[in-house]
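Undergrad: The amino acid sequence is not available; the structure is as follows:
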């Protein structure tokens, strides 16, 4: 079981990443605005299943990696830091697309909505890199079962992502209207998120290997 400080730090990164616009958020928002909240939440069910698949694959893979090549931490740590910097740039770069700019989507049945949410998440490189590059940074072999720590951290990320995306899907219409009327608020949010992600990247890059 990760210690509370480690779990809190990982939760902060997971929250920062889910609030950074990506394929999952764009799809869920567009689906909610085009077909209603229920369609958005059904799609989110598929996204959640994608998180579980990634979590299990990464947990067992990371366990094998840590036990076989402990010094691989350094390479993964740097990769994770670079990825966070890339996300920070995506948050603040000029001309970035807002996830609340709606894409026209056809009305689909529940089964297809669930499947599309699942595939959208599986094909999302942000999630793949997060599990493979960031998750190992918060696992300490001296703290007990590596597999257990990976599962706890993965479950934490999944819970945070599902809760935040559910709130966004339910409130998509209100949020879109609010940001349209107050573009300066959206700009401040983007810069705050970019700053936080950049700070986490610097911390990760300069942190000593455990």
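TA: Perfect, thanks for sending it. Since the structure is predicted, the reported quantities are computational estimates derived from the model, not experimental observations. Residues are numbered from 1 along each chain as shown.
Undergrad: can we go C-alpha only for contacts and neighbour counts from here?
TA: OK.
Undergrad: What is the least confident helix or strand in this protein?
TA: In the chain, the helix or strand scored least confidently by mean pLDDT, DSSP states H and E is helix 172-181, which has a mean of 63.
Undergrad: tell me what the longest helix along the chain is packed against?
TA: As assigned by DSSP state H, the longest helix anywhere in the chain is helix 37-68. Other elements packing on helix 37-68 under the criterion 3 or more CA pairs under 8 Å, 6 or more residues apart in numbering; DSSP states H and E are helix 23-35, helix 72-92, helix 110-122, helix 125-129, helix 146-170.
Undergrad: need these in a markdown table with distance to residue 195 and mean pLDDT, can you?
TA: Conversion of the helices and strands packed on helix 37-68 to a markdown table gives the following (distance: least, CA to CA, whole Å; pLDDT from 0 to 100):
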| stretch | distance to residue 195 | mean pLDDT |
| --- | --- | --- |
| helix 23-35 | 20 | 78 |
| helix 72-92 | 7 | 68 |
| helix 110-122 | 25 | 87 |
| helix 125-129 | 18 | 69 |
| helix 146-170 | 20 | 88 |
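Undergrad: if you compare those helices, which one is most tucked away?
TA: Highest mean neighbour count among the helices and strands packed on helix 37-68 (mean count of other CA atoms under 10 Å): helix 23-35, with a mean of 23.
Undergrad: Specify the angle between that one and helix 146-170 in degrees.
TA: Here helix 23-35 points in a direction 30 degrees away from that of helix 146-170 (axes from the mean of the first three to the mean of the last three CA atoms, to 10 degrees).
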